[in-house]
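In: here is a sequence together with a model predicted from it:
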Amino acid sequence: MEALDIPLARFVLLYLLLLLPLYLLRRLKLGLGREVLISVVRMSVQLFLVGIYLKYIFAINSLLLNLLWIMVIMVVANLNILKKAGLAVRKLFWPSLAGVVCGTLIVLGVFLFLVVRPTPLYDARYLIPLAGMLLGNCMNGNILSLERFYSGLRKNEATFLSYLLMGATLKEAVHPFMREAIRTSLAPTIATMMTIGIVSLPGMMTGQILGGSFPLVAIKYQIMIMIGIFASLVLSMVTSLYLSLPFAFDRMLMLRSEIFAGKKKG
Amino acid sequence: MISFEAVTIGMQGRVLVHDVSFSIMAGEKVVLRGKSGSGKTTLLKALVGGARIMHGVIRINGLAVLPENIQQIRQDLAYIPQEPGVSRETAAEDLLLPFSFKAHRSQEPTAAQIEVVLARLLLDPAILGQKSATLSGGEKQRLVIARAILLNKRIFLADEITSALDAESKQAVFSFLLETDHTVLSISHDPEWIGRCSRVFTIENGSLREEK
């Protein structure tokens, strides 16, 4: 069983559905119209390009090409993390990338080599969507944790300094800030796991069911993904935060102001 | 002893204190005055490595404020900010926080020692069971000072501490900081505090002037 294809004429109808929310936003004078249009255009173009690209990548299915694709999306995700977290790419590119790579590859390895075991193990049909899903979540979590951690330290410099004066090592002094950042960043994922399946059917599961998989198979994949997301989030956050410390603090153990992106946020 | 030798201090590339020289003997009570943004807090922070010394040398008991000495220097100094950050669940946890760090883990004070210190600052020992968030500004301030006493600190950097103090706390804090042999380098606009300090400096346009 395959999902029903949507004919082009009817597909265009979807865009007409946007007119209603756009009208409401306009009436409320929210000034979001331009932003919404740009985001819809970007979303459509990006997805079409990826669709075309994936078609070839699935057909070719070469280890090297697949790995190259994953590397590219990890770098893009990393740039996005730092940009959204208001941090200087020049200063924190490597530690943050290390977190992304570590969180994604370890979990992906477990998925492909131990749990799913597709043939070949690097089968693009599994590797690419799984990597994308892990990275997407990893990205959002890392944006939150890095932003919370470093803005918390910047705002509470006196408290941080008082820890150093109480004899704390750098790790001890940043620990309360790290705990807070990780806790906040994990909250949405934990909340999702609490309610998943009751209110919403997650996107991937819906996709698989529409694509003709048995619900029980789709559920197994979904549970795998949720556990994977959680594991990769924690791995990447902890790795990025710890590895960024030597880049973010000077020899007096004070936070370097250069790690923040030039433009002040909000 | 603390000495500033032709010191220029900056924050984020901006010079805040320019070519300042002075020294403070052990036990002296010094107060800095100046408009907000004049660099007073920056000057205090420079002593503990919290602001960049662009030129000159600051020495504390003979040790220059440099990365290789900073850990040792920090052992002697207590910084008491305007609004002390008490961040733990209870006052007791906040008071004993430094003893959870590796450096002091083996030196946790006894209940008797804690009681003596609290009494000295007119703090009721029952306060230790309270949630930190419910403490008044004056209580937080005294808790932070109590912590510094337990750590045996000799030099106190006090940044506008009297603004949060009620009458009772004020007397306790004044008598502890100003009537003992600790060295105090403070920032204040409080005439009473200024009147009781032994030396008064004014910072203006990045330079420092002692008032006679």
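Out: Good, I have the coordinates.

In: mind listing the helices in chain A by residue range?
Out: Secondary structure of chain A, counting by DSSP state H: helices at A:8-16, A:19-27, A:33-60, A:63-84, A:89-109, A:124-155, A:157-165, A:170-195, A:203-210, A:215-248.

In: figure out the helix or strand that B:Leu32 lives in.
Out: strand B:29-33 (DSSP states H and E).

In: who does that strand touch, helix- and strand-wise?
Out: Packing contacts for strand B:29-33, counted by 3 or more C-beta pairs under 8 Å, 6 or more residues apart in numbering or on different chains; DSSP states H and E, involve helix B:40-47, strand B:183-187, helix B:191-196, strand B:199-204. Heads up, the C-betas are built off the backbone N, CA and C, glycines and all.

In: list the contacts of the second one.
Out: Just to be clear, that refers to strand B:183-187. The contact list for strand B:183-187, computed with C-beta atoms under 8 Å, 6 or more residues apart in numbering or on different chains, reads B:2, B:24-33, B:40-41, B:44, B:47, B:154-161, B:177-178, B:193, B:197.

In: number of residues surrounding the closest residue to B:Ile194 other than its chain neighbours?
Out: Distances taken as C-beta to C-beta, 6 or more residues apart in numbering or on different chains put B:Val31 closest to B:Ile194, at 5.3 Å, once the chain neighbours are dropped. Neighbourhood size, B:Val31 [other C-beta atoms under 10 Å in any protein chain shown]: 24.

In: and if you look at B:Ala92?
Out: 17.

In: need the helices and strands packed on strand B:29-33 in CSV (columns: mean pLDDT and distance to A:Gly197).
Out: Formatted as CSV, the helices and strands packed on strand B:29-33 follow (pLDDT from 0 to 100; distance: least, C-beta to C-beta, whole Å):
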stretch, mean pLDDT, distance to A:Gly197
helix B:40-47, 91, 52
strand B:183-187, 95, 58
helix B:191-196, 92, 63
strand B:199-204, 94, 63
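
In: output the contacting helices and strands for the helix or strand bottoming out on mean pLDDT in chain A.
Out: For chain A, counting by mean pLDDT, DSSP states H and E, helix A:203-210 ranks last in confidence among helices and strands (a mean of 79). On a contact count with 3+ C-beta pairs under 8 Å, 6+ apart, helix A:203-210 meets helix A:215-248.

In: can you list the buried residues in stretch B:140-154?
Out: Buried residues in stretch B:140-154, counting neighbours by 16 or more other C-beta atoms under 10 Å in any protein chain shown, are found at B:140-151, B:153-154.

In: OK, contacts around A:Ile196?
Out: A:Ile196 neighbours (C-beta under 8 Å, 6+ apart): A:202, A:222, A:226.

In: quick one: B:Asn152 and A:Leu164, what's the gap?
Out: 17 Å (C-beta to C-beta, to the nearest Å).

In: A:Leu28 now?
Out: Taken as C-beta to C-beta, the span from A:Leu28 to A:Leu164 is 49 Å.

In: buried among the contacts of strand B:183-187? Need that as a selection in PyMOL.
Out: Restricted to buried positions by 16+ other C-beta under 10 Å, the PyMOL selection for these reads:
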select buried, chain B and resi 2+24+28+29+30+31+32+33+40+41+44+47+154+155+156+157+158+159+160+161+177+193+197
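
In: count the neighbours of residue 20 for me.
Out: I'll assume chain A. With other C-beta under 10 Å as criterion, A:Leu20 counts 9.

In: my question was about chain B, not that one.
Out: So B:Val20, with other C-beta under 10 Å, has 21 neighbours.

In: may I have the beta-bridge partners of it?
Out: B:Val7 (DSSP bridges).

In: isn't it right up against B:Val7?
Out: Yes - at 5.0 Å, B:Val20 counts as touching B:Val7 under the criterion of C-beta atoms under 8 Å.

In: quick check: neighbours shared by the two?
Out: Joint contacts of B:Val20 and B:Val7 (C-beta under 8 Å, 6+ apart) are B:Gly56.

In: I'd assumed B:Glu93 was in contact with B:Gln130.
Out: No - B:Gln130 is beyond contact range of B:Glu93, at 10.9 Å (criterion: C-beta under 8 Å).

In: still on that earlier bit, the more surrounded of A:Leu28 and A:Leu164?
Out: A:Leu164 (23 against 9).

In: name the nearest residue to A:Met237, ignoring sequence neighbours.
Out: A:Ser145 (4.5 Å).

In: the one you found contacts A:Ser185, doesn't it?
Out: Yes - with contact defined as C-beta under 8 Å, A:Ser145 reaches A:Ser185; the gap is 4.0 Å.

In: can you tell me what sits against the lowest-mean-pLDDT helix or strand in chain B?
Out: Least confident element among the helices and strands of chain B, by mean pLDDT, DSSP H and E: helix B:167-178 (a mean of 85). Applying C-beta under 8 Å, 6+ apart, the contact partners of helix B:167-178 are B:29, B:120-123, B:136, B:138-139, B:141-142, B:145, B:149, B:156, B:158, B:161-162, B:165, B:184, B:186, B:192-193, B:196-197.

In: now it and strand B:29-33, what's the angle there?
Out: Helix B:167-178 and strand B:29-33 are oriented at 120 degrees to each other (axes from the mean of the first three to the mean of the last three C-alpha atoms, to 10 degrees).

In: would you put the C-alpha positions of helix B:167-178 in PDB?
Out: C-alpha atoms of helix B:167-178 as PDB (Å, rounded to 0.1, in the frame of the first residue of the first chain):
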ATOM      1  CA  ALA B 167      18.500  49.400  61.100                       C
ATOM      2  CA  GLU B 168      19.300  46.200  63.000                       C
ATOM      3  CA  SER B 169      21.300  44.700  60.200                       C
ATOM      4  CA  LYS B 170      23.100  47.900  59.700                       C
ATOM      5  CA  GLN B 171      24.500  48.000  63.300                       C
ATOM      6  CA  ALA B 172      25.600  44.400  63.000                       C
ATOM      7  CA  VAL B 173      27.300  44.800  59.700                       C
ATOM      8  CA  PHE B 174      28.900  48.100  60.700                       C
ATOM      9  CA  SER B 175      30.300  46.700  63.900                       C
ATOM     10  CA  PHE B 176      31.700  43.600  62.200                       C
ATOM     11  CA  LEU B 177      33.200  45.300  59.200                       C
ATOM     12  CA  LEU B 178      34.300  48.600  60.700                       C
END
